[in-house]
Each structure stands twice: as structure tokens, then as C-alpha cells.
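Visitor: here's my sequence, what's the structure:
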Amino acid sequence: MEKDLTTESFELLLSKFSPNKTEAGLAYTRLREALVRFFQLKGDSMPDKAADTTLDRVAVKLSESTEIEDITKYSFGVARFIFLERLRQVKKENLSVKSYYQETGFQPAEEQDDALFFLKECLGGLQREENLLIVNYFADLPYEKLIERRRKLAEEFEISLNQLRVKVFRLRRQLKNCVSRKLKK
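Guide: Coordinates of the predicted model:
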């Protein structure tokens, strides 16, 4: 059974950032924002909740006298496991829906109505270079390797990391608009 977050465990987590409460609060907020971005990039539907769950688990682990050298690195390791747990939960839910359809004889909408089908179609409409950029940018890798891969992508395109982020943001928006148009038809 998983332990719940307590005031003491949360205080212990803050103290790992800094003995100064203001600095600790700022560091905590920065880490939480980074975790939210991590879950957003992974496509989690509730990135704020996932980030909070991650930090709660780290705090509980600290209260169990677990020694953590690098709180940020450890937190991203926990975040990866939480993301995988959430994926398993979604898969389980999808299987139960599929089972319901099979048991009741209900026929779900055709594949053309499926957003994933349209996403694949829209990805196919991108230039090869853009398609590879999106796939490599959002690869399922440990955090450090993902950051390194993104740096290499920026070097390959001979642009800064921020310019790469802007380029990917625009491609995501283009894909989102493409899928939305197809879903409305």
C-alpha cells in the first residue's frame, strides 16, 4: 500500500532544494514546471496532476529515509515510471472498451473517424525532414538522452535549441489543425 504525502515529507523535500524556504520554493516550482513540460511532451492528458503525483512520491520516498543525491534526476526517473503507469492504465481502459464492444455487438466508428488514423495521415503529408524531426524530437527516451538528442537535432539543422523548439511547436500546431480539419469532415 502506497503511503500518503504528509506535511513532514513535503518539508523534507523542500529542504533537499535549499535550507532557505524562499529558494527551496522557487526550486520546487521550477522542477514542477519542468515535470509538467515533460508530461505535456509525452502527450499526457493531465500533466499537472502527473507532475504533482511525481513530486508526492519523491517526498514520500525521502520520508522513508531513502538517500537521494540528485533530486531533479531522481524526480524525472519517477516521472518516467508514472508516465508508463498511466499508459498501462489507458491501455487497460481501451481493452475494457473493446471488450464491451465485442460483448454487446456494438460497432465503433470506422477507422477514418479515429484521430490517430488522421494523425498518421497528416504526418505522412509532412516533408520527410519534418516528419523525422517530429518523431525524433518526441522519442521515448530517458530525460538526459532526450535532451542530448534534441541538442544534436538542433546542430543537424544548424539552428539554436530555442529555434528548434519553435519549429517543432509550429509543426505540432500544423498537425493539430490538420487532424481537426479531418475530424470535422
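
Visitor: so how far is Leu62 from Leu13?
Guide: The gap separating Leu13 from Leu62 is 6 Å, by CB to CB, to the nearest Å. No exception for glycine: its C-beta is placed from N, CA and C like everyone else's.

Visitor: swap that for Asp4, sorry
Guide: Here the distance between Asp4 and Leu62 works out to 14 Å (CB to CB).

Visitor: what is the neighbour count of Gln89?
Guide: Residues lying near Gln89 (other CB atoms under 10 Å) number 10.

Visitor: offset the numbering so it begins at 760, please.
Guide: Sounds good: first residue 760 from here, last item Gln848.

Visitor: in space, not sequence, find me the middle residue of the protein.
Guide: Nearest to the mean C-alpha position of the chain, counting by CA atoms, centre = their mean, stands Phe798 at 2.2 Å.

Visitor: so what secondary structure elements neighbour whichever strand or helix holds it?
Guide: In the assignment (DSSP states H and E), Phe798 maps to helix 780-800. Helix 780-800 is packed against helix 766-776, helix 806-822, helix 830-863, with contacts defined by 3 or more CB pairs under 8 Å, 6 or more residues apart in numbering; DSSP states H and E.

Visitor: residues making contact with that helix?
Guide: Applying CB atoms under 8 Å, 6 or more residues apart in numbering, the contact partners of helix 780-800 are 772-774, 776-777, 805-807, 809-811, 813-814, 830-831, 834-835, 838, 842, 897, 902.

Visitor: likewise for stretch 925-941?
Guide: Outside stretch 925-941, the residues within contact range by CB under 8 Å, 6+ apart are 874, 877-878, 880-882, 884-885, 889, 892-893, 896, 916, 918.

Visitor: no further queries at this time; thank you.
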